[in-house]
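>>> Please find the sequence and the predicted model below.
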Amino acid sequence: MSWVDAVIQGILIGGLYALFACGLSLMFGVMNVVNLAHGDLAVVAAYVALGVIAVTHVPAVWAFLIVVPIFAALGYVLQRTLLQAALNRGVRTTLLVTFGLSVVIENGLLQFLSANSHSINIGSLVSDSFSIGSQITIAYLNLAILVAAVIVLLGLQYFLSSTQNGRLIRAVADDPEAAQISGVSYRHVFGIAAAIAFGTVALAGIAFGMFSQFDPSIGSDQLLLFAFEAVVIGGLGSLWGTLGGGILLGIAQEIGANFRPADQVLAGQLLFLLILAVRPHGLAGRREAT
Amino acid sequence: MSGRPGIEATAPTRPEGGAAAVRVTRSRRSTLWAGIAAIVVVIVLCYLPYLVYTGTTNQLIQFFMLLTMATMWNLLAGYAGLVSVGQQAFIGLGAYVVLILADHGANAYLAIPAATIGCAAIGLPIWWLVSRLRRGYFAITMWVVASVCELIIIQISALGGGTGAALQGLNLSPTLLNAYTYWASLAVAVIVIATVYFLLRSPVGLVLTAIRDDEAGARSVGARVARTQRLVFLVAAAGCGAAGALYIISSQFVVPTAAFSVQWSAEMIFITIIGGIGTIEGPILGTIVFYVLQQSIAQYGTWYFIVLGLMAMVIAIFAPHGLWGLISDRLGIRLFPVGYYLWPAGTGPRHRPVPVRRG
């Protein structure tokens, strides 16, 4: 039964990984930018939520409504300034700049907020759960995160396929110059894509902060790598693949942890390397996407 | 490293409507002086342990290690277009190869070449895996590889597990130990820079400069991009392995979290960007700048990385060829003759040639 439990817990945590992954995937798909500061931004969002709750005493769930729009705005501004400036110099410069950003954020957090770990206090919700049978317990929080992830991915899918801005994003992703000739400001569209990506990363970061302890170094040590692994396992450029990738990563980690708690992270990474070896374009991806 | 001014690669072409030929050379007179100066500097550095206290040579050991890593990362990212944030994988593996060999009774200094070759050998299957993803995704894949190496080493209790292990077998006096390590690190740095220099002067160098300037373009004219990238990846793996070997010898102790720390990548990347990516001189200048900074702000810990990160971001955007690029553009000098100079008709050694490509 513990194996079934591991799989179920893996599926639940997988939603969170997919939430982390979709922003990374979107920015790569649209503007060819791999944001190496992705994980650190999630940690910043968790800290900001912590600060918002401490100052305003609003219930923890309200933090989403305040922090996610702030991050979306930050994403737009950062894309129009720093990231666009880097992009003008070429793809390599975007990697160097986002890596620099990652190091600056992590050390800035260490400098000003210490290396202590924190967690967003959501009262009894963190431990409330219901049971199926005698062995399997499902925490409401984990279930809520999975449901939220599916809703966000559904929303993103709808946005990209059926709205005006979504169509613009897909057009610009295909060919920025051709879109520009047709009268679309691709820089503005890049900004919108970055706003969505930053919004989802804030969402994921706050959810992670409720679910687990976080500290300044966890962003680059774990979150960035998990998000990336979910993207590659699922297949580049496929939102549902990303959800599948996140869930598979979660299952692999939970099964690894079942062997030995220390094997949790390693098991996920070995699954990633295995997928890379046998199916480098991911489970749902197209070959040319790599 | 000495140049042979004006006696090679002479390719006469007739300019439009003109009668005189344009001369193309690899070097100019200043190159010869740079070469002589480089040899003098290396000879002085060889003598240094007899002249200064161990504190100074100890710092220079760190300097040569950083120089080695930055030079390797520059070859990888600056020329072959392979931006990696996981080179710490090979630093850690190099250190652990030395640890394993020393545990079996080998001399730690003789284990440096073994670590170098070992890391190139381990690099081959890693390349097979990581070469499947391009550009940014390659960068994170290498990060995952480094993390996997660390997590696997932590599991092996014979190597000290997560708490680390001390290097056994070097029963020398501290002064002698310091001097030997100094010479070893100097030798590694000189060999690594010479390797990059000769690689760039060889036909491979032509492919590398083509990839640096335009990867898709290089592919389209039939340059063997994939093969050249693999060669560079293995050379960089070997070089970082040697740096890792020096790391364990100089600290006499190794812990997985420190040996596989992403801080190594941060240092080699920032040094290369600040000094100038895509030139041999860049990482050398960058290491000097980095070193001066380290002496003045390293005690502030996290501030040190914040300042370096901000500097690297600003330079990457506003001066993409780094400090060396600013100097060489203004003065038209190159210390390593890996590019070409164009001498328009009627100009001689006293005139200023036109640099054909950034060397």
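Happy to help now that I have it.

>>> Quick check: B:Ser84 is in a helix.
No. Judged by DSSP: H, G, I helix; E, B strand; the rest coil, B:Ser84 forms no part of a helix; its state is coil.

>>> ok, now which ones touch residue 91?
If you meant another chain, say so; for now it's chain A. Contact criterion C-beta atoms under 8 Å, 6 or more residues apart in numbering or on different chains gives A:Asn32, A:Val33, B:Arg135, B:Gly136 as the residues in contact with A:Val91. Yep, even glycine has a C-beta here, placed from its N, CA and C like the rest.

>>> actually it's chain B I care about, not the one you picked
Under the criterion of C-beta under 8 Å, 6+ apart, the contact list for B:Ile91 reads B:Met69, B:Cys240, B:Gly241, B:Ala243, B:Gly244, B:Tyr247, B:Ala259, B:Phe260, B:Trp264.

>>> Do I have it right that the last one meets B:Val85?
Read that as B:Trp264. No. In this structure, B:Trp264 sits apart from B:Val85 without contact. The criterion is C-beta atoms under 8 Å, and the distance is 9.9 Å.

>>> roughly how far apart are B:Gly92 and A:Leu273?
Relative to A:Leu273, B:Gly92 is positioned 17 Å away (C-beta to C-beta, to the nearest Å).

>>> and the residue of chain B nearest chain A?
With distances taken as C-beta to the nearest C-beta, chain B approaches chain A most closely at B:Gly136, which sits 2.6 Å away.

>>> Next, the contact list for B:Ile112, please.
The neighbourhood of B:Ile112, defined by C-beta under 8 Å, 6+ apart, consists of B:Val98, B:Ala184, B:Val188, B:Ala242, B:Ala245, B:Leu246, B:Ile249.

>>> give me that answer again for 7 Å
For B:Ile112, the contact set (C-beta atoms under 7 Å, 6 or more residues apart in numbering or on different chains) comprises B:Ala184, B:Ala242, B:Ala245.

>>> and the second one, what helix or strand is that in?
The one in question is B:Ala242. B:Ala242 is part of helix B:225-251, with elements assigned from DSSP states H and E.

>>> From the contact counts, what lies against that helix?
helix B:54-73, helix B:88-103, helix B:111-130, helix B:174-201, helix B:203-213, helix B:215-220 (3 or more C-beta pairs under 7 Å, 6 or more residues apart in numbering or on different chains; DSSP states H and E).

>>> out of those, deepest packed?
Scoring the helices and strands packed on helix B:225-251 by mean neighbour count under mean count of other C-beta atoms under 10 Å in any protein chain shown gives helix B:88-103 as the most buried, with a mean of 26.

>>> chain center to that helix: distance?
19 Å (C-alpha atoms, centre = their mean, to the nearest Å).

>>> Mean confidence (pLDDT) on that helix, please.
Averaging pLDDT along helix B:88-103 yields 95.

>>> what's the angle from that helix to helix B:111-130?
Direction vectors for helix B:88-103 and helix B:111-130, defined by axes from the mean of the first three to the mean of the last three C-alpha atoms, to 10 degrees, enclose an angle of 140 degrees.

>>> Alpha carbons only: can I get helix B:88-103 in CSV?
Presented in CSV, the C-alpha positions along helix B:88-103 are these (Å, rounded to 0.1, in the frame of the first residue of the first chain):
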residue,chain,number,x,y,z
GLN,B,88,31.5,22.2,-11.0
ALA,B,89,30.6,18.6,-11.8
PHE,B,90,34.2,18.2,-13.2
ILE,B,91,35.8,20.2,-10.4
GLY,B,92,34.2,17.8,-7.8
LEU,B,93,34.9,14.7,-9.8
GLY,B,94,38.6,15.8,-10.3
ALA,B,95,38.9,16.3,-6.6
TYR,B,96,37.4,12.9,-5.8
VAL,B,97,39.6,11.1,-8.4
VAL,B,98,42.6,12.4,-6.5
LEU,B,99,41.1,11.4,-3.2
ILE,B,100,40.4,7.8,-4.5
LEU,B,101,43.9,7.4,-5.9
ALA,B,102,45.6,8.8,-2.8
ASP,B,103,43.5,6.4,-0.7
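
>>> Of the helices and strands packed on helix B:225-251, which is nearest A:Gly244?
Of all the helices and strands packed on helix B:225-251, the one in closest proximity to A:Gly244, counting by C-beta to C-beta, is helix B:111-130 (21.3 Å).

>>> OK, now which residue of the stretch 151-290 of chain A is nearest to chain B?
Closest contact between the stretch 151-290 of chain A and chain B, by C-beta to the nearest C-beta, is at A:Pro280 (3.8 Å).

>>> Spell out the secondary structure type for that residue.
coil.

>>> for the one 4 residues further on, same thing?
Recorded secondary structure, A:Ala284: coil (three-state DSSP).

>>> Equivalent analysis for A:Val58, please.
Secondary structure of A:Val58, reduced to three states by three-state DSSP: coil.

>>> got the phi/psi numbers for it?
Note on A:Val58: its backbone torsions stand at phi -80, psi 160 [degrees, to the nearest 10].

>>> hmm, back to that, tell me which residues touch the residue of chain B closest to chain A, please.
Contact partners of B:Gly136, counting by C-beta under 7 Å, 6+ apart, are A:Phe28, A:Val34, A:Leu95.

>>> Identify the residue spatially nearest to the first one, adjacent ones excluded.
The spatial neighbour of A:Phe28 that comes closest, neighbours along the chain excluded (C-beta to C-beta, 6 or more residues apart in numbering or on different chains), is A:Val34 at 5.5 Å.

>>> Pretty sure the residue of the stretch 151-290 of chain A closest to chain B sits against B:Arg132.
Yes. Using C-beta atoms under 7 Å, A:Pro280 is in contact with B:Arg132, at 3.8 Å.
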